[in-house]
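Enquirer: How does the following fold in three dimensions:
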Amino acid sequence: NEEIIISLAYLDHDKKRLHYKLEMRNKSEKMLCATTEVLALYMDLNKRKVSEFESEKIIIMKEFIKSNSQNFKSDNLIFSNKLKK
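Expert: Residues are numbered from 1 along each chain as shown. Prediction:
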């Protein structure tokens, strides 16, 4: 019955991929319980192929990253060098 906090610890992207890291912490003790790092592909389900993000989505992601980057932690990221900017 413990309460947890799940937070977005890192976010980046290129034309076709999202790179993010999530952290799970115990709410009362703020202790780190788990992390996951994800490199997700953007899919066009009509074509069933990897596709580039629409320009309006790129703008939204860039604004979100810009306003939150001071809170992101880039330590111990495995997929950072996989993005093609």
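Enquirer: residue ranges with poor pLDDT in this protein?
Expert: Within the chain, no stretch falls below the threshold (pLDDT under 70).
Enquirer: That one: helices as residue ranges?
Expert: 55-68 (DSSP state H).
Enquirer: Where do the strands of it begin and end?
Expert: 4-13, 17-26, 32-41, 43-44, 49-50 (DSSP state E).
Enquirer: In contact with the spatially most central residue of the chain: list those residues for me.
Expert: When Cα atoms, centre = their mean is applied to the chain, the residue found nearest the centroid is Tyr20 (2.0 Å). Residues near Tyr20 by Cβ atoms under 8 Å, 6 or more residues apart in numbering: Leu8, Tyr10, Leu11, Asp12, Glu37, Val38, Ala40. C-beta coordinates here come from the backbone N, C-alpha and C atoms, glycine included.
Enquirer: Buried subset of the residues you listed, written for ChimeraX?
Expert: Buried residues within those, by 16 or more other Cβ atoms under 10 Å, are selected in ChimeraX with:
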select :10,11,12
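Enquirer: Same list (the contacts of Tyr20) but as a markdown table, adding distance to Lys82.
Expert: A markdown table is the format used below for the contacts of Tyr20 (distance: Cβ to Cβ, whole Å):
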| residue | distance to Lys82 |
| --- | --- |
| Leu8 | 19 |
| Tyr10 | 13 |
| Leu11 | 14 |
| Asp12 | 10 |
| Glu37 | 11 |
| Val38 | 12 |
| Ala40 | 12 |
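Enquirer: Out of the contacts of Tyr20, which is nearest to Asp75?
Expert: The closest of these to Asp75 turns out to be Tyr10 (Cβ to Cβ; 9.1 Å).
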